[in-house]
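# give me coordinates for this.
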Amino acid sequence: MDVTREKHTADASPITVSGTTSVAQVTETLPLTGERTAPGIWHENYWFARHDAAYRWITANLPIEPDGRVLDAGCGEGYGAELLRRAGASSVTGLDYEDTTLRHVRRVYPQVNVAEGNLVQTPFADRAFTTVTSLQTIEHLWEQPRFVAECARILAPQGTLVLSTPNRLTFPSGNWYHTRELTADEFVELLEPYFEITQALGLHHGARLTRWETQYGSCVEAQLAAGHDQWDDDLAGLVRSTTYEDFEIRPGDLDGSLDLILVATTAG
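Numbers count the residues shown, from 1 in each chain. Okay, the predicted model is just below:
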């Protein structure tokens, strides 16, 4: 049995980021199974925007070199890898373990390279990439330290790693796709044997979502309390209209954040 249980099956669950980069209009999507998020599904839009914002933060705030080699590990539907490609990297590879997912990425994002493999034992050579991203993935893995070690192996000297994960202190309990959720301290402890952490950030609701929650209560709890066909108009309208700009990513108050994001570099 595969020792990983990654985000390749869709209810997975973003600093305010400005920019004009957008993912191409998606005309097909992967089926929702409760583990992976995808664009173009209205009742999944909050979670998609939350993921999207983290990718947008990367493209707006971290250098994507024209000759860079980028890996999106656990690429899922592929929208994040496509955003990284559009940011200017000469080569972007999406790694996933499921063939159905990779066939979808090939069709919808044909300029993204794809590779099939296990995240803790990838098919790549040592020092193959200048940047590795893996967002909302590590909580799905049985062997988290082994995955971090593998990222260190395939990153070039002074390469950049960006990982994100739900904050165990604020994320709703009971997601059976998650083998181990992390606090900020646990997340940092996991990376420190292999990497120098350069930024520790938290994702939070921005002003519009905060105002809505002041009036109506937690929008996450409201979405989880009932099927989307039972949502009232206020909640349905909020979910439909949420974009990456409705989230903020910033240092400080990591324990109160929704998601945790670490940026780290290899020695050398």
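# could you use CA atoms for every contact and neighbour count after this?
OK.
# what comes up buried for the longest strand belonging to the chain?
Criterion DSSP state E: the longest strand present in the chain is strand 155-166. Within strand 155-166, the residues scored as buried using 16 or more other C-alpha atoms under 10 Å are L155, A156, G159, T160, L161, V162, L163, S164, T165, P166.
# check what pLDDT the third one gets.
Reading off the confidence values, G159 has pLDDT 95.
# excluding chain neighbours, what is closest to it?
Distances taken as C-alpha to C-alpha, 6 or more residues apart in numbering put T130 closest to G159, at 4.7 Å, once the chain neighbours are dropped.
# what of the first one?
Once its chain neighbours are removed from consideration, L155 has its nearest residue in R127; the separation is 4.5 Å (C-alpha to C-alpha, 6+ apart).
# show me what the longest strand of the chain is packed against.
Contacting strand 155-166 under the criterion 3 or more C-alpha pairs under 8 Å, 6 or more residues apart in numbering; DSSP states H and E are the following elements: strand 129-135, strand 259-265.
# quick one on the thing from earlier: next up, the contacts around the residue nearest to L155.
For R127, the contacting residues are R153, I154, L155, A156, P157, by C-alpha atoms under 8 Å, 6 or more residues apart in numbering.
# strand 259-265 and whichever helix or strand A53 is part of, what's the angle between them?
A53 belongs to helix 45-61 when assigned by DSSP states H and E. Here helix 45-61 runs at an angle of 30 degrees relative to strand 259-265 (axes from the mean of the first three to the mean of the last three C-alpha atoms, to 10 degrees).
# partners of the next helix or strand after helix 45-61, with directions?
Later in the chain than helix 45-61, the nearest helix or strand by DSSP H and E is strand 69-73. Within its sheet, strand 69-73 is paired with strand 91-96 (parallel), strand 129-135 (parallel), according to DSSP bridges.
# which parts of the particular helix or strand that has L224 in it are buried?
For L224, the host element (DSSP H and E) is helix 219-225. Neighbour counts over helix 219-225 (16+ other C-alpha under 10 Å) mark C219, A222, Q223 as buried.
# please name the nearest non-neighbouring residue to the spatially most central residue of the chain.
Residue closest to the average C-alpha location in the chain (C-alpha atoms, centre = their mean): L135, at 2.6 Å. In space, not counting the residues next to it along the chain, L135 is nearest to S164; the distance is 4.6 Å by C-alpha to C-alpha, 6+ apart.
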